[in-house]
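A.B. asks: Build me a structure from this.
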Amino acid sequence: MYYLAMNCPACKNVMIILEHEQIEVDYCPGCCGVWLDAGELELILDAPDESRRLLASFAQNPHPAGKPRKCPICRKKMTEVRIGTGEPPLLMDKCKQHHGLWFDKNELQQAITMAGSDKVQKIQKLFEGIFGKKL
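C.D. replies: Below is the predicted model:
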């Protein structure tokens, strides 16, 4: 089986595919960002209601911070979305074609914590299984 290597939307390095307990994540060793293909967030949360609640909390950022990043799958500009209402805001990137979500370093854990999910430990275990240490 062959995989097409994807480039990181943030730093353009080649991402690596990591798998643990049947969950695959695309990880950038350059900037420590994480790409989740459509449906992978649901696998991590293992709870459809929590996934829907978290995804529904994403609101397009009316004042994007910089140049839009491109989706590593379709290469089209992604939308910068704001998660929650806290300050400073947590911003991440979402493919307009629903291919996936881009989380800069530590944003995935922050997003799930902000959503009030108790799955942060599951994410830590996932990353410990992949990397052999906590991130």
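A.B. asks: all helices for this protein, in order.
C.D. replies: 40-45, 48-56, 107-114, 120-131 (DSSP state H).
A.B. asks: Flag every buried residue along stretch 64-83.
C.D. replies: Neighbour counts over stretch 64-83 (16 or more other C-beta atoms under 10 Å) mark Arg69, Lys70, Cys71, Pro72, Ile73, Met78, Thr79, Glu80, Val81, Arg82, Ile83 as buried. Every C-beta, even on glycine, is put in place using the N, C-alpha and C of the backbone.
A.B. asks: And the lowest mean pLDDT element among the helices and strands of the chain?
C.D. replies: helix 120-131 (a mean of 62; mean pLDDT, DSSP states H and E).
A.B. asks: which outside residues touch stretch 83-100?
C.D. replies: With C-beta atoms under 8 Å, 6 or more residues apart in numbering as the test, stretch 83-100 has contacts from 9, 35-38, 40, 54, 57-58, 61, 65, 68-69, 71-74, 76-82, 101-104, 107, 110-111, 114-115.
A.B. asks: How about it, which residues are buried there?
C.D. replies: Ile83, Gly84, Leu90, Met92, Asp93, Lys94, Cys95, His99, Gly100.
A.B. asks: so which of those residues comes closest to Glu21?
C.D. replies: Using C-beta to C-beta, Gly100 comes nearest to Glu21 of the buried residues of stretch 83-100, at 19.1 Å.
A.B. asks: Tell me the confidence at the residue nearest to the closest one when sequence neighbours are not counted?
C.D. replies: What sits nearest to Gly100 in space, not counting adjacent residues and going by C-beta to C-beta, 6 or more residues apart in numbering, is Asp37, at 4.6 Å. We note a pLDDT of 88 for Asp37 in this prediction.
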